[in-house]
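Q: Turn this into a model:
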Amino acid sequence: MFFFSPNELKSESHKEQNTNKIEESIILVFKKSMKHWNIEYDTLPENRSGAACIPWLEISDNFISEEIFEALGYGFNLYDENIAVKAAMEGCNRMRTYYKLQNRCDCEMILFNDESRIQVPPNVK
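A: Presented below is the predicted three-dimensional model:
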């Protein structure tokens, strides 16, 4: 049996809320970045996916309000999630290489349809 003190539970709840806030912010930056290229993610047909090169060490309130992701990938109208992920990640990695961002960020999945696929690293606050 495990017992948690109220402070431990409160701390875990705060971490989860913060992670959810970061996920929502990353999704907003992704959609803003897509609009920069005149692509409206939310209007793409189903089985759509999105990936971005996320510079986790640079993520801050200022980044979220002022910046866009420099490398993106997306797919739509694809057979299933596996193919959608492959399409988005390949596109993102091609842009990452083209813009020489290998030392700045890593391509990661953001969305499949409207479902978050973001994995916030534990050291990001």
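Q: Output the below-cut-off pLDDT ranges for this structure.
A: 1-15, 125 (pLDDT under 70).
Q: What segments of it are helices?
A: 6-36, 61-66, 81-98 (DSSP state H).
Q: and Asn20, how many neighbours?
A: By other CB atoms under 10 Å, 12 other residues sit near Asn20. Bear in mind the C-beta positions are built from the backbone N, C-alpha and C, glycine included.
Q: show me the contacts for it.
A: For Asn20, the contact set (CB atoms under 8 Å, 6 or more residues apart in numbering) is empty.
Q: Check the spacing between it and Leu101 real quick.
A: Using CB to CB, to the nearest Å, Asn20 is found at 27 Å from Leu101.
Q: What of Ala71?
A: Distance of Ala71 to Leu101, computed by CB to CB: 6 Å.
Q: between those two, what contacts are shared?
A: The contact sets of Ala71 and Leu101 overlap at Cys53, Met95 (CB under 8 Å, 6+ apart).
Q: ok, these two, which is more surrounded?
A: Taking neighbours as other CB under 10 Å, Ala71 and Leu101 compare with Ala71 leading, 24 against 19.
Q: I'd assumed Ala52 was in contact with that one.
A: Yes. Here Ala71 reaches Ala52: they are 6.8 Å apart, a contact under CB atoms under 8 Å.
Q: Arg48 - nearest residue in space that isn't next to it in sequence?
A: Of all residues not flanking Arg48 in the chain, Phe76 sits nearest, at 4.0 Å (CB to CB, 6 or more residues apart in numbering).
Q: Hmm, that neighbour is touching Pro45, no?
A: Yes. Under the criterion of CB under 8 Å, Phe76 makes contact with Pro45 at 5.0 Å.
Q: Brilliant, that's me finished.
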